[in-house]
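Asks: have a look at this prediction, sequence included:
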Amino acid sequence: MESTHGVNAARCVWPGPPPATSTADSDRRALGFASCPNSPAPDVRSLPFGEDNGRVVGTILRVVIGLVGALTVYVVGASLLRKFKVAPEPEPEPDPAQLRPVDVEFRCTVCGTTVVMTTAAGDDPEPPRHCREDMIRV
């Protein structure tokens, strides 16, 4: 008993598109394909998109999906980077015409660092911060 997977299987393959004026069954019998009862008759209708158009549509679809993915990664990344900005804008430099000479000494309560302030915006300046704590006036 011969298998359709052997030598005869090659004869069961349709050699190409059938002519438009013939029927599929008569073409199969004329070319010797009558011994392949399980193989379906080829569809002689043409598809709305040819094989080449299917490749183009697939390529366009891949490009669109890639662009949507890239845009999503960009938007998520930009929103994450925006959240890293936690420090407020620094205060602007004071006008040199408004500064007055002072002689005030401050000491850090944590590490003992001493700072001497020589100019300030007013007569009684606010103590600077060191080691995340306000310094005390000496």
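Replies: Okay, I see it.
Asks: for stretch 65-81, buried residues please.
Replies: Judged by neighbour count using 16 or more other Cβ atoms under 10 Å, stretch 65-81 contains no buried positions. Heads up, the C-betas are built off the backbone N, CA and C, glycines and all.
Asks: kindly report the same for stretch 128-138.
Replies: H130, M135.
Asks: what is the end-to-end distance of it?
Replies: Terminal residues of stretch 128-138 are spaced 13 Å apart (Cα to Cα, to the nearest Å).
Asks: repeat that for stretch 118-133.
Replies: In stretch 118-133, first residue to last residue: 21 Å (Cα to Cα).
Asks: which stretches of the chain form helices?
Replies: Remark: helices assigned in the chain by DSSP state H are 7-11, 24-30, 51-83.
Asks: out of the ones you listed, which gets the lowest mean score?
Replies: Of all those, the minimum mean pLDDT falls on helix 7-11 (a mean of 47).
Asks: domain map for this protein?
Replies: For the chain, automatic domain parsing gives the domain ranges 1-45, 46-86, 96-137.
Asks: what sits against V116?
Replies: D103, V104, E105, F106 (Cβ atoms under 8 Å, 6 or more residues apart in numbering).
Asks: okay then, goodbye and thanks.
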